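Engineer: how would this look folded up:
(chains A and B)
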Amino acid sequence: MPLQILVVDDEPDELEAWEALLRKKGYNVQTASSPEVALQKCDENRFDLVVLDYVIPRMKGLELLSRIRKKLPLVRSILISGKLDKRLQEQEIRESIRGEMEVDKYLHKPARNEDLLEAITALFAENPSGRAWDTIAEDILKGEKSSVKKARGAQRSLKKHLKKS
Amino acid sequence: MAQESTGFYFRVSANLLRVIGQELVASDEAAILELVKNAYDSNARTVTITIEPISEKRVGFIRIQDDGHGMSRRDFDHLFMAAAYSERPEEAPSAKRVPTGEKGIGRFAASRLGSRLTVLTRAAAHEPKVLKIDFDWKKFQDKKKTFDEVRIPFELVSSNILPRGQTGTVLEVTGLHTNWKPDRIEKLRAFLAELLDPFHKPGDFKVVLDVSGSERLSGEVMQKPPTDADLDVEFRVLADEKVSRKLFTASLGPENQRESILSNANTGPLVGLSGRYLYFLKRPSKQKSQGLPPSVRIYRDGVRLEPFGSPTADWLGVSEKRAKRAGHAHIVPSRLYGFIEISRIKHQELKDTTGRQALIDNEAAQALVTLLQEQLGFLEEKIRILVSVPKWEAGKQKKVIKLERARLHALGMLSAGLGHELRQPLQVIRTQTGNLHDRLSELQINDPEINQYEAAIDRNVQRMDDSIGYIANLAKGDVEKVDSFDLADHLREDSRFFENECRAKGIRLEVKAPQNQPARISQTGFSIVLLNLLNNAVDALDEVTERNDKRISILLSREGLNNLLEVTDNGPGIDEVTEKKLFKEFETGKTGGMGIGLYTCRVIVQAHSGEITYKTRIGLGTTFSVRFPDR
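Structural biologist: Alright, predicted model coming up:
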């Protein structure tokens, strides 16, 4: 089963471009051009990954991500932003964003197609075929220690974010 | 007086004295100055002018006393009594001084001051008595008498004023025509002070004023130099046809004093000469000028050489030049002060003319004028740079910097929004180009030409992205904030930003910088200046079509406290029309230019007490030099 990806961007052309790319690469892609649509789609689908712009009208990308996380605690995320300073080292960016919210991968806009594809591959390297929810649930049932650990981690971060909001 | 008539003779009416005293000597102050000059010529070391104003109790007098060589009876008869006769330099009793006297009328000047003159003089220190001569000028009023019919009595007397063992001359004027009130004496003081070099007062000559009852007006007469000049050029002639020159520009701060050694032909006879030009961008206040009228003066061993620097002597052609170049940047004579110091020992070739109206027009004098005009040319160049933008008064300049900062801030806000705005379409272009590539692969089209186009699109997307980042970054920074960083490294990084563009335009971009150059300046300010200068250099080279060795070189070095950045292009150079408005706001010589580049550079550099200058040669190129002093 291919990965389910949600792309959120207010720019239709950009959304279309990403969608075309990811679909062509065999991912199961859905798009949202507003935070409201994105949240609604999260109720209906269990996405493995959300790709979102840092700047989205009416809601910051990070805020949207935190609300998506309430619905999908284990969802992976890639943030693409043209606003952050490219000169900053990746490490500094990660730190500045992680302070607010966990983002798995940050990409500078305009990103190359291969950059995004590589980022996705890297994020799911541990189970390339897998959909996070199902595999982790299976693993937990099998009693695999690493997955139990992951689940506990997810639980902790979930609690943390619930407390915050 | 009757003569045997073998021809005609002038009979000079005694009244001529009045004419000379009143008409040739312009004022009472000038009359006293003449007498002081006579004292100087007599090798005096100190001249004391005692003034006792007329009051209810006192009749009043002016006494001018010197410790010079005095006059014997013979001297007096030959020199003092020979009207309009003045010693030639070689006749002066001692070669130590070159006489300052001019027309040989100094003695008559006394008649202007009062109705009587008493001279006391002793030429030989061992003489117990002094020669006392009494002039009653009223006797000369008789128009029927000729000069030589007026007898001047003398006697030998003892004197307390000129004690035994001391040579010198005392001139005492009584029956004063003028009531010497304090403000008048003040004027006299300023007038006398002008005789003396304000920077190097003569070591062997002083003038003391003694006004009874006034401590304020009494004391040594000195000329204070003008202060707070906007430009200060000091030069000194060294051996081997070299001239050392220092420039100090007030608006650019005290760290900005720089010295350079220049080659200068034909300065052989001038070795040891020094000079200084002070220039004010606007007419100096009395406080700044120290009451000194503007002009370029020559001082020999600290004493003024006339007529150089008198209001009517435009001996360096400053006014003439001004008239010729009306409307251009020029030296305004009323804001220029010059102090040229020559020495009677070192500069024997600079000789006075017989009438001592000027210097004998020989090679040395010509070399002097040439040198002084060259230095004026340098000054003018500096003035042009300073006045080519609105005159910066301290407060105004701050305001401009503030404005500039506000503008950069606005630009920052704009570019942050703009960055997002521009990067979105860039993202679409980039992603869709990738998708296009994939689609073509699907259709089994693999064409090297298409790949080449794709690569070009990607490269240019990257370039735009870099530009956005660069500008956003610049705009974010504070042009006044001082950062400590490695300037060499920063320069290399910044220059890299231009590599693509230069490569695309066939320009070789060279960066010469030391391995490291720690600096304490505004990083953002430096980047903006560099960006502008490089932009200009690239634009200048764009105008060149026939050349295929287009080159921009960036040179970073250290020069004392300054970080020196030089950006050189081998473009067409800057023509005169453009040059005039080079640093002006919203003036541009380029299509699509906004005309804020160099203006902004200047503001930033000035905010850092730095300096921005340029050299340009038509057809050969331009170098901009920026000096950023460490803070």
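Engineer: so which bits of the stretch 401-550 of chain B are right by chain A?
Structural biologist: Within reach of chain A by CB under 8 Å from any CB of the partner chain, the stretch 401-550 of chain B has these residues: B:416, B:419-420, B:422-432, B:434-435, B:438, B:458, B:461, B:465, B:468-469, B:472-473, B:476. Where you see a C-beta, it was placed from the backbone N, CA and C, and this is true even at glycine.
Engineer: in strands, which of those residues appear?
Structural biologist: Among these, DSSP state E puts none in strands.
Engineer: and the buried ones among the residues you listed, selectable in ChimeraX?
Structural biologist: Burial among those is assessed by 16 or more other CB atoms under 10 Å in any protein chain shown; the matching ChimeraX selection reads:
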select /B:416,419,420,422,423,424,426,427,428,429,430,431,432,434,435,458,461,465,468,469,472,473,476
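Engineer: ranges for the helices of the chain?
Structural biologist: Just so you know, I chose chain A. A:12-24, A:35-44, A:61-71, A:90-100, A:113-123, A:132-142, A:145-164 (DSSP state H).
Engineer: hmm, I had chain B in mind actually
Structural biologist: So, for chain B - with DSSP H - the helices run B:16-18, B:28-41, B:73-75, B:106-113, B:182-193, B:286-289, B:318-324, B:363-387, B:394-442, B:448-476, B:487-504, B:523-542, B:576-580, B:597-607.
Engineer: least reliable of those helices by average pLDDT, please.
Structural biologist: Across the helices of chain B, helix B:318-324 has the smallest mean pLDDT, namely a mean of 61.
Engineer: so who does residue 22 touch?
Structural biologist: Just so you know, I chose chain A. A:5, A:7, A:29 (CB atoms under 8 Å, 6 or more residues apart in numbering or on different chains).
Engineer: try chain B instead
Structural biologist: B:111, B:112.
Engineer: same check, this time on residue A:6
Structural biologist: A:29-32, A:38, A:41-42, A:45, A:47, A:49-51, A:68.
Engineer: cool, residue B:124 as well?
Structural biologist: B:70, B:72, B:167.
Engineer: now rank those by neighbours and give me the top one.
Structural biologist: The member of those that has the most neighbours, counting by other CB atoms under 10 Å in any protein chain shown, is residue B:70 with 26 neighbours.
Engineer: would you confirm that that residue contacts residue B:120?
Structural biologist: No. Between residue B:70 and residue B:120 no contact is recorded; they are 9.2 Å apart, counting by CB atoms under 8 Å.
Engineer: would you agree residue B:617 is in contact with residue B:573?
Structural biologist: Yes. With contact defined as CB under 8 Å, residue B:617 reaches residue B:573; the gap is 5.2 Å.
Engineer: residues shared between the contacts of residue B:70 and residue B:120?
Structural biologist: residue B:169.
Engineer: near the residue nearest to residue B:110 when sequence neighbours are not counted, how many other residues are there?
Structural biologist: Here the nearest residue to residue B:110 in space, its sequence neighbours aside, is residue B:117; by CB to CB, 6 or more residues apart in numbering or on different chains that works out to 4.5 Å. Using other CB under 10 Å, residue B:117 has 24 neighbouring residues.
Engineer: ok, and the closest non-adjacent residue to whichever residue of chain B sits closest to chain A?
Structural biologist: For chain B, the nearest residue to chain A under the criterion CB to the nearest CB is residue B:423, separated by 3.0 Å. Of all residues not flanking residue B:423 in the chain, residue A:82 sits nearest, at 3.0 Å (CB to CB, 6+ apart).
Engineer: how about the contacts made by that neighbour?
Structural biologist: A:54-55, A:108-110, B:419-420, B:422-424, B:426-427, B:468.
Engineer: check it and give its pLDDT.
Structural biologist: For residue A:82, pLDDT reads 75.
Engineer: repeat for residue A:115
Structural biologist: pLDDT, residue A:115: 91.
Engineer: just grab the bridge partners of residue B:220 for me.
Structural biologist: residue B:208 (DSSP bridges).
Engineer: I figured it hits residue B:207, correct?
Structural biologist: Yes. Counting by CB under 8 Å, residue B:220 touches residue B:207, with 7.0 Å between them.
Engineer: more neighbours: which of those two?
Structural biologist: More crowded of residue B:220 and residue B:207, by other CB under 10 Å: residue B:207, with 25 against 13.
Engineer: which residue packs closest to that one, ignoring adjacent ones?
Structural biologist: Per CB to CB, 6+ apart, closest to residue B:207 is residue B:221, 4.3 Å.
Engineer: residue contacts, the closest residue to residue B:21 other than its chain neighbours?
Structural biologist: Leaving aside its sequence neighbours, residue B:21 sits nearest to residue B:111 (CB to CB, 6+ apart; 3.7 Å). By CB under 8 Å, 6+ apart, residue B:111 lies in contact with B:17, B:18, B:20, B:21, B:22, B:117, B:135, B:137, B:140.
Engineer: next, count neighbours for the closest residue to residue B:193 other than its chain neighbours.
Structural biologist: Spatial nearest neighbour of residue B:193, excluding adjacent residues (CB to CB, 6+ apart): residue B:223 at 4.0 Å. Using other CB under 10 Å, residue B:223 has 22 other residues around it.
Engineer: distance to residue B:497 for the contacts of residue A:82 - can I get that in TSV?
Structural biologist: Output for the contacts of residue A:82, formatted as TSV (distance: CB to CB, whole Å):
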residue	distance to residue B:497
A:54	24
A:55	25
A:108	16
A:109	19
A:110	17
B:419	16
B:420	20
B:422	16
B:423	17
B:424	22
B:426	17
B:427	21
B:468	12
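Engineer: okay, residue B:617 and residue B:573: which has more neighbours?
Structural biologist: Using other CB under 10 Å, the more surrounded residue of residue B:617 and residue B:573 is residue B:573, with 17 against 11.
Engineer: circling back: can I assume the residue nearest to residue B:193 is in contact with residue B:194?
Structural biologist: Yes. Shown here, residue B:223 and residue B:194 form a contact pair, counting by CB under 8 Å, at 6.3 Å.
Engineer: next, show the common contact partners of these two.
Structural biologist: residue B:292.
Engineer: tell me what residue B:564 is bridged to.
Structural biologist: With DSSP bridges as the rule, residue B:564 is bridged to residue B:557, residue B:627.
Engineer: who's in contact with it?
Structural biologist: By CB under 8 Å, 6+ apart, the contact list for residue B:564 reads B:555, B:556, B:557, B:558, B:625, B:626, B:627, B:628.
Engineer: how close does the last one sit to residue B:531?
Structural biologist: From residue B:628 over to residue B:531 the distance is 14 Å, taken as CB to CB, to the nearest Å.
Engineer: more neighbours: which of the two?
Structural biologist: Legend: neighbour count by other CB under 10 Å for residue B:628 and residue B:531, higher for residue B:628 (25 against 19).
Engineer: now do the contacts for the more buried one.
Structural biologist: Residue B:628 touches B:519, B:521, B:525, B:526, B:562, B:563, B:564, B:565, B:605, B:608, B:610, counting by CB under 8 Å, 6+ apart.
Engineer: ok, residue B:424 next?
Structural biologist: A:11, A:14, A:82, A:109.
Engineer: next one: residue B:553
Structural biologist: Here residue B:553 is in contact with B:509, B:510, B:511, B:512, B:566, B:567, B:568 (criterion: CB under 8 Å, 6+ apart).
Engineer: can you pull up the bridge partners for it?
Structural biologist: Under the criterion DSSP bridges, residue B:553 forms beta bridges with residue B:510, residue B:568.
Engineer: so how far is residue B:625 from it?
Structural biologist: 12 Å.
Engineer: between those two, what contacts are shared?
Structural biologist: With CB under 8 Å, 6+ apart as the test, residue B:553 and residue B:625 both reach residue B:566.
Engineer: excluding chain neighbours, give the residue nearest to residue A:20 in space.
Structural biologist: residue B:435 (5.0 Å).
Engineer: you'd agree that neighbour is up against residue A:113?
Structural biologist: Yes. At 7.3 Å, residue B:435 and residue A:113 qualify as touching, with contact defined as CB under 8 Å.
Engineer: mutual contacts of the two, please.
Structural biologist: residue A:21.
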